[in-house]
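> When you get a sec, could you give me coordinates for this:
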Amino acid sequence: MVLSLLHRATLPIHVRLRAGRCRKAQAVMHPSPSMTLLDVGGTPETGGEFDSLRALFAEVLVVNPDPRHGAVPMAPNVKFELGDGCALPYADESFDWVFSNAVLEHVGDRDKQVRFAQEMQRVARLGYFLSTPNRHFFMDPHTYLPFYHLLSDHAQAKVIRFSLGHMRQWRPLDLVSAKDLRQMFPSAKVAGMGLFRINLIAYESRSDGRS
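Below you'll find the model as predicted:
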């Protein structure tokens, strides 16, 4: 009962934060009906805050390693493929834009995060946009436990039973800082979003005359 009430109370906050990131992504990408978008690690179903962004592209491909996402209702311009964001099976500059929201912190250790970032940059033709929780914000957004994300894996596995958020079973979690993002995306603009910089974004628009 307490958890249900907490989720209902915090849902509007999460919706506003995601909607804000969606508006920022649109402002960076300037989507057109001729463009393609790759969503790395997202989910393809309709009904989310990012539907409005996807609707502006001719084709959207969502790649995720979980096959369950392939059985959900999708918009006509959205397709789903199984894949690992750390080793994308696509050629260089295969997509106009590459997008990822709240995935980087789940891919594994720093080496895997670096590969994930490199792959996003490799397959993007016009640019990319990534969002991830800020390591330096005190509250972990997955569990609503203060400083949970700073604990060791062993300690996280011990305290996950006290989670008040959507993550109730332990899984790898490695939040990054703005400095980390600048190292992984050296050509990107990195900024904080939301109250107290709850989230970080890294994005690049490659304005070299391509269209």
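
> Low-confidence stretches in the protein?
1-18, 207-211 (pLDDT under 70).

> 80 instead?
1-20, 48-49, 194-196, 207-211 (pLDDT under 80).

> Can you tell me what sits against the host helix or strand of Val114?
Assessed by DSSP states H and E, Val114 sits inside helix 110-123. Applying Cβ atoms under 8 Å, 6 or more residues apart in numbering, the contact partners of helix 110-123 are 38, 40, 85-88, 90-95, 98, 100, 103-104, 107, 128, 130, 174, 176, 180, 184-185, 187, 204. Using the backbone N, CA and C atoms, a C-beta is placed for each residue, glycine as well.

> chain center to it: distance?
13 Å (Cα atoms, centre = their mean, to the nearest Å).

> list the buried ones in it?
For helix 110-123, burial by neighbour count (16 or more other Cβ atoms under 10 Å) applies to 112-113, 115-117, 119-121, 123.

> do stretch 68-84 as well
For stretch 68-84, a neighbour-count test (16+ other Cβ under 10 Å) marks 69, 74, 77-78, 80, 83-84 as buried.

> Identify, from those, the entry nearest to Arg54.
Val78 (6.0 Å; Cβ to Cβ).

> for the closest one, what are its contacts?
44, 54, 60-62.

> how close does it sit to Ala188?
Look at Val78 and Ala188: by Cβ to Cβ, to the nearest Å, they are 25 Å apart.

> Could you do Phe99 as well?
13 Å.

> Just want to know which of those two has more residues nearby.
Phe99 (31 against 21; other Cβ atoms under 10 Å).

> The helix or strand encompassing that one to helix 110-123, inter-axis angle?
Using DSSP H and E, Phe99 sits in strand 95-101. When axes from the mean of the first three to the mean of the last three Cα atoms, to 10 degrees is applied, the directions of strand 95-101 and helix 110-123 differ by 150 degrees.

> Strand 95-101 pairs with which strands?
Sheet pairing for strand 95-101, assigned by DSSP bridges, gives strand 36-40 (parallel), strand 124-133 (parallel).

> and stretch 65-85, how far out from the chain's middle?
Distance, centroid of stretch 65-85 to centroid of chain: 15 Å (Cα atoms, centre = their mean).

> which one of the strands paired with strand 95-101 is the most hemmed in?
Among the strands paired with strand 95-101, strand 36-40 has the highest mean neighbour count (mean count of other Cβ atoms under 10 Å), at a mean of 24.

> could you point out which element follows that strand?
helix 51-54.

> Can you name the element that comes right after that following helix?
With elements assigned by DSSP H and E, the helix or strand that comes after helix 51-54 is strand 59-64.

> for that next one, packing partners?
With contacts taken as 3 or more Cβ pairs under 8 Å, 6 or more residues apart in numbering; DSSP states H and E, strand 59-64 sits against strand 36-40, strand 78-82.

> In its sheet, which strands sit next to the last one, and in what direction?
Pointing back at strand 78-82 there. Here strand 78-82 is paired, per DSSP bridges, with strand 59-64 (parallel).

> buried residues in the partner strand?
By neighbour count on 16+ other Cβ under 10 Å, the buried set for strand 59-64 is 59-64.

> Over to stretch 135-154?
135, 137, 139-145, 148-149, 151.
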